[in-house]
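> Turn this into a model:
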Amino acid sequence: MKQGLLMFAILLASVVVGSLIGDFSKGVSSIRWLGEVFDVGIPAFTLNLKIFEITLGFQIHICVSEILMIIVGLMCYPKLKGALGL
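Here you go, the predicted structure:
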C-alpha cells in the first residue's frame, strides 16, 4: 500500500514539474522543444439510442518535458523506496 502511494506521489510530482518546465520553456527558443504538446487518445463521439445518449472519449495532452520527468521519477523510485525503508 505504501509503495503504491509512493509511486503515485512520484508520478504526480513528475507530471506537475514536467508541466511547469514545459510551460516555462515555451518562451526560450533554444529549449522550445520541451514544451511541444502531443494529443493522444480517442476523440469524443456520441452514440444516440433514441432512449438515451452516450458520449465517450479519452484525450491526454502530454508534453516532452512531462515524459522526461516521468522517466526520471521512475528511475528515482527504487532509491526513494530504499531510503524510506519500504
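> use CA for all of it now, contacts and neighbours both
OK.
> Could you give the separation of stretch 4-15 from the chain centroid?
Remark: stretch 4-15 is offset 10 Å from the chain centroid, using C-alpha atoms, centre = their mean, to the nearest Å.
> Go through that stretch and flag the buried ones.
6-7, 10-11, 14-15 (16 or more other C-alpha atoms under 10 Å).
> for it, what is the average pLDDT?
Per-residue pLDDT over stretch 4-15 has a mean of 94.
> okay, now G57: neighbour count?
G57 has 10 neighbouring residues, counting by other C-alpha atoms under 10 Å.
> do the same with the one 4 residues further on
Number of residues near H61 (other C-alpha under 10 Å) recorded here: 9.
> Report the beta-bridge partners for it.
Assessed by DSSP bridges, H61 has beta-bridge partners D39.
> Look up how far K2 lies from it.
29 Å (C-alpha to C-alpha, to the nearest Å).
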